[in-house]
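Peer 1: model the following, please.
(one chain, ligands or ions: 1)
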Amino acid sequence: MDILNFRSDTQTLPTEEMLDAMRNAPLGDDVYGEDPTVCRLEELAAEKMGMEAALLVASGTMGNLVSLMTHARKLGEAVLVDPSAHIFCNEGGGLAGIAGFMPLSLASNNGMIDPQSLETAIKKPDIHYATPRVLCLENSNNRSGGRVTPLDLHKQLCGIARKHGLAIHLDGARIFNAAVAAQIPVSEYAAEVDSIQFCLSKGLSCPVGSMIAGSAEFIEQARFHRKRVGGGMRQAGVIAAAGIVALEKMIDRLAEDHDNAKLLAAGANTISGLSVNMDVVETNIININHTGTGLSTNEVVTKLADVGVIVSPRAPVAIRMVTCRHTGKAEVEEAVSRMRDALDKNAS
Ligand SMILES: Cc1ncc(COP(=O)(O)O)c(C=O)c1O
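Peer 2: Residues are numbered from 1 along each chain as shown. Okay, here's the model as predicted:
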């Protein structure tokens, strides 16, 4: 039985064009700033974001961490986050343990911070409170099922942060998914923030790598912090070569992943016991509520694995499925059919 892997878009493999580019890339020692392929990728990334400079890092987690280390002024300042944010929940507590921040979680809905909650959380200087230093946003938001923060709300949140002198970091691991879904250039989101991290290794299909973008001064500082955490890589052009192909060729096709996510969600809705609100399927991630099956999340995950459909648990009531270029229309249709066989009590 062939495996249909819907666990994450992190499973994507490099394209043939990426492999060729990696094999033929001119290389140098990037710690000395002498790898021409890395330099080209960093210029391209900065240009796409409409920012002055960019930096290649090993992963999204490293990009977020290095950005926060660069924003930090003194130990114990506050980072204001959505409580479901990846940087808060899934990055090993690095924002506190390494960057020295205290996370302050705000009221939010589907990964979108409530502006009023942000306004109230930013206290005037007072010896009782940790100094608010950074607002951290995430778009698209992973936990909520790939929801896209609309540009208006993004601007409103950034406006509040700016008014109070906070720095703004955007965890844009999947910012291209958000921008493609919202049909606006990614630079419109980036224009509002001081730093952005985006992943090359997810829907864009690179084997490794993320980028940070910001002002030239920010990126110079970030380069220092990347070195401190051991992220200075030598002939990193082998990674960067794939990144260049990703930024030149792989962005527009993300719309296909979004269409396939809708198809998958609609299919899940035809299986008794499963439900997805179609209105919230905006990008390539869907959370499927399984309460109607009467099974626990782990039971659902196991039953689906038994028929070769790999999904992530979102206990206690949901599973997560993510589409990517390896899970096209045919794989989605096959997955729905197998899921029906595994879960639908009424299936013949
Ligand atoms: C929203 C978000 N931010 C950051 C990351 C971290 O990326 P990486 O796995 O490359 O460290 C992920 C990974 O899934 C993510 O979904």
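
Peer 1: ok, the closest residue to residue 36 other than its chain neighbours - contacts?
Peer 2: Nearest residue to residue 36, sequence neighbours excluded (C-beta to C-beta, 6 or more residues apart in numbering): residue 26, at 4.8 Å. Every C-beta, even on glycine, is put in place using the N, C-alpha and C of the backbone. Listed by C-beta atoms under 8 Å, 6 or more residues apart in numbering, the contact partners of residue 26 are 36-37, 237.

Peer 1: in three-state terms, label residue 26 for me.
Peer 2: Following DSSP: H, G, I helix; E, B strand; the rest coil, residue 26 is assigned to coil.

Peer 1: circling back to that earlier point, can you tell me which of the contacts of residue 26 has the most neighbours?
Peer 2: Scoring the contacts of residue 26 on neighbours with other C-beta atoms under 10 Å, the highest-scoring entry is residue 237 at 28 neighbours.

Peer 1: show the backbone phi and psi for that residue.
Peer 2: The phi/psi pair for residue 237 (degrees, to the nearest 10) reads phi -60, psi -30.

Peer 1: so the nearest residue to it once chain neighbours are set aside, which of the three states?
Peer 2: Nearest residue to residue 237 in three dimensions, chain neighbours excluded: residue 37, at 3.2 Å (C-beta to C-beta, 6+ apart). Here residue 37 is recorded as helix under three-state DSSP.

Peer 1: please parse the protein into its domains.
Peer 2: 11-249, 253-343 (automatic domain parsing).

Peer 1: returning to what we had before: I'd like to know which of the contacts of residue 26 is nearest to residue 30.
Peer 2: Checking the contacts of residue 26 against residue 30 with C-beta to C-beta, the nearest one is residue 237 at 7.3 Å.

Peer 1: near the ligand, which residues of the stretch 1-150 of the chain?
Peer 2: Within the stretch 1-150 of the chain, the positions adjacent to the ligand are 59-61, 64, 86, 138, 142 by C-beta under 6 Å from any ligand atom.

Peer 1: most surrounded residue in those residues?
Peer 2: Most neighbours among those, by other C-beta under 10 Å: residue 138, with 31 neighbours.

Peer 1: tell me how many other residues surround the closest residue to residue 51 other than its chain neighbours.
Peer 2: Spatial nearest neighbour of residue 51, excluding adjacent residues (C-beta to C-beta, 6+ apart): residue 213 at 4.3 Å. For residue 213, the count of nearby residues is 31 (other C-beta under 10 Å).

Peer 1: mind listing what residue 213 touches?
Peer 2: Residues in contact with residue 213 (C-beta under 8 Å, 6+ apart) are 45-46, 49, 51, 53-55, 190, 195-196, 198, 219.

Peer 1: tell me which of these is nearest to residue 100?
Peer 2: The nearest member of the contacts of residue 213 to residue 100, counting by C-beta to C-beta, is residue 195 at 16.8 Å.

Peer 1: that closest one: what's it in contact with?
Peer 2: 67, 70-71, 167-170, 212-214, 218, 222.

Peer 1: tell me which of these fall in strands.
Peer 2: 167-170, 212-214 (DSSP state E).

Peer 1: can you lay out those as a markdown table showing pLDDT and distance to residue 101?
Peer 2: Below are the ones in strands among the contacts of residue 195 laid out as a markdown table (pLDDT from 0 to 100; distance: C-beta to C-beta, whole Å):
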| residue | pLDDT | distance to residue 101 |
| --- | --- | --- |
| 167 | 98 | 11 |
| 168 | 98 | 14 |
| 169 | 98 | 11 |
| 170 | 98 | 16 |
| 212 | 98 | 17 |
| 213 | 99 | 21 |
| 214 | 98 | 18 |
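
Peer 1: in ChimeraX, select just the buried ones from those.
Peer 2: With 16 or more other C-beta atoms under 10 Å as the criterion, this ChimeraX line picks the buried residues out of these:
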select :167,168,169,170,212,213,214
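
Peer 1: between the ones in strands among the contacts of residue 195, which is nearest residue 115?
Peer 2: Nearest member of the ones in strands among the contacts of residue 195 to residue 115, counting by C-beta to C-beta, is residue 168, at 13.7 Å.

Peer 1: pLDDT below threshold where in this structure?
Peer 2: Along the chain, the model assigns pLDDT under 70 to residues 345-348.

Peer 1: for it, what's the longest strand?
Peer 2: If you go by DSSP E, the chain has its longest strand at strand 132-138.

Peer 1: could you look up the SS state of whichever residue of the stretch 101-250 of the chain sits closest to the ligand?
Peer 2: Residue nearest to the ligand within the stretch 101-250 of the chain (C-beta to the nearest ligand atom): residue 173, separated by 3.4 Å. Recorded secondary structure, residue 173: coil (three-state DSSP).
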